[in-house]
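# show me how the following folds:
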Amino acid sequence: MAYFVHPQIKSNLKNLFGLLLCFLKKPSEKRLEQIGQMFPDKKVYFTDMGRSAFRLIIEELALENSQMIVPAYLCDIFYPIFKKYHIEPIFLDIEKTTFNLELRQLSQKITPRTKAILIPHLYGLANDVVKIKEIISQQPAGAKIVLIEDCAHCFGGKINGKWLGNFGEAAFFSLPKIFPVLRGGLAVLPKPASKIPLETKFSCRDFFSLLNSFPFFAYLFKNYAGKIASKYLKKEKLADIGGLNCFSLNLFLWYAKNFEATLQRRKELALLLRKELEKLGFGLQPAENNSFIFLSALVPAGTNRDQFVLSLRRKGVFATRIWHQPIILNPLAQKDYKINPAAFPSTNEAAQKIVNFPLQNFYTEKDIKRIISLTKICLSAARKN
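Predicted structure coming up:
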């Protein structure tokens, strides 16, 4: 059996029949209402991608031509969005143990041009939103700073019983990072949008994404078609903010049903994997307020991270090194924003040492033990070299 980080569909008759229904039926109004109830007093909009949901927030909250405080450890897909809307990102380093914003310098980074603070709940671990909101409240009277939650990694996460996505003025989610839904984003806004994203159609991109949700095809793509697929998918990305197609929306509503119970089982598996990785010397995020959408860790000292990941892949464990390079390591961003990467030591270390381990909702303890067994073998080889 091969193990993958991105969400997978377990091959059985029940799931195949469910997929067929997702093609044929209309989205359930009741289920859509239940999703909306997760974010009381706010408006929810489905988009074709998580980045489209972020763009919708920028446009609806008039954040163009401003400064936005963001973590240095941020995916570089944000770079073209900042350029498009003439947003100047102000970077803060991360805490090495949480991968979330280092807050000690946050108040010093705020200027009269600061309109927003972006806080990703990275890999499923919630930020200290109470502390961040306290810092915002201490700003001079008249300062209007929007708090945006990047919930790409934390659908279903809570703090004190309250869903993440409710603590800021706005939030956005990237659904394919959490569910095998082919594509999709979700924007949470404080008021009705002036322009509702138009529904997109099921495309070739969606077809290949669907195949990639099954371990057999994912294995073929990872080994033989990765470069070709990535080039093709980039060509299909929309310039405008698109809505979510009916099939992907149905998939989301299907998998989001009873997700709390599923997430509890996932946490149990994550804690088991986390415990064993900690014994091997990996650096791990805290377990408290962590929904473990990703099980991410820093390799032990003296380990060649890239060799370790490649060794795992040869044995069928398709761990990943990072989503993309952090924005501060993007040469174009460095030039545009005059970034000195040395000013962000924790971000640099995370970029060099991070590993995302496979963790699926349908895994068993046997799967976790198998992953750990192969991890020990590959870790030993990566340390020797």
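
# by mean pLDDT, which helix or strand of this protein comes out lowest?
When the helices and strands of the chain are compared on mean pLDDT, DSSP states H and E, helix 226-235 comes out lowest with a mean of 53.

# alpha carbons of the helix or strand that comes right after that one, as PDB, please.
Downstream of helix 226-235, the first helix or strand assigned by DSSP states H and E is helix 246-256. Provided in PDB are the C-alpha atoms of helix 246-256 (Å, rounded to 0.1, in the frame of the first residue of the first chain):
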ATOM      1  CA  CYS A 246     -21.600  21.200  -8.400                       C
ATOM      2  CA  PHE A 247     -19.600  17.900  -8.200                       C
ATOM      3  CA  SER A 248     -16.900  19.200  -5.900                       C
ATOM      4  CA  LEU A 249     -19.500  21.000  -3.800                       C
ATOM      5  CA  ASN A 250     -21.400  17.700  -3.400                       C
ATOM      6  CA  LEU A 251     -18.100  15.900  -2.500                       C
ATOM      7  CA  PHE A 252     -17.400  18.500   0.200                       C
ATOM      8  CA  LEU A 253     -20.900  18.300   1.700                       C
ATOM      9  CA  TRP A 254     -20.600  14.500   1.700                       C
ATOM     10  CA  TYR A 255     -17.200  14.300   3.400                       C
ATOM     11  CA  ALA A 256     -18.000  17.200   5.800                       C
END
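
# check the offset of helix 246-256 from the chain's centre.
Mean C-alpha position of helix 246-256 versus that of the full chain (Cα atoms, centre = their mean, to the nearest Å) differs by 18 Å.

# ditto for stretch 368-380
25 Å.

# show me where the stretch 51-200 of the chain has helices.
78-84, 106-109, 129-137 (DSSP state H, counting those that start in this stretch).

# what sits up against stretch 214-224?
Residues outside stretch 214-224 that contact it (Cβ atoms under 8 Å, 6 or more residues apart in numbering) are 1-2, 4, 6, 8-9, 11, 208, 211-212, 229, 313, 316, 318. The C-beta positions use only the backbone N, C-alpha and C, and glycine is treated the same way.

# let's see it at 10 Å
Residues outside stretch 214-224 that contact it (Cβ atoms under 10 Å, 6 or more residues apart in numbering): 1-4, 6, 8-11, 15-16, 180, 208, 210-212, 225-226, 228-230, 313-314, 316, 318, 360.

# ChimeraX command for the buried members of those residues?
In ChimeraX, this line selects whichever of these come out buried by 16 or more other Cβ atoms under 10 Å:
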select :2,3,4,6,8,9,15,180,208,210,212,229,313,316,318,360
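
# in strands, which of the contacts of stretch 214-224 appear?
3-4, 318 (DSSP state E).

# what are the ranges of the strands in the stretch 51-200 of the chain?
67-71, 88-92, 114-120, 146-150, 158-159, 162-163, 170-174, 185-189 (DSSP state E, counting those that start in this stretch).

# what's the closest of these to residue 291?
In terms of Cβ to Cβ, the element of the strands of the stretch 51-200 of the chain nearest to residue 291 is strand 158-159, at 7.9 Å.

# how far does stretch 339-351 sit from the chain's center?
For stretch 339-351, the distance to the chain centre is 20 Å (Cα atoms, centre = their mean).

# would TSV of the helices of the stretch 51-200 of the chain with mean neighbour count and mean pLDDT be doable?
Below are these laid out as TSV (neighbours: other Cβ atoms under 10 Å; pLDDT from 0 to 100):
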stretch	mean neighbour count	mean pLDDT
helix 78-84	16	96
helix 106-109	13	93
helix 129-137	15	94
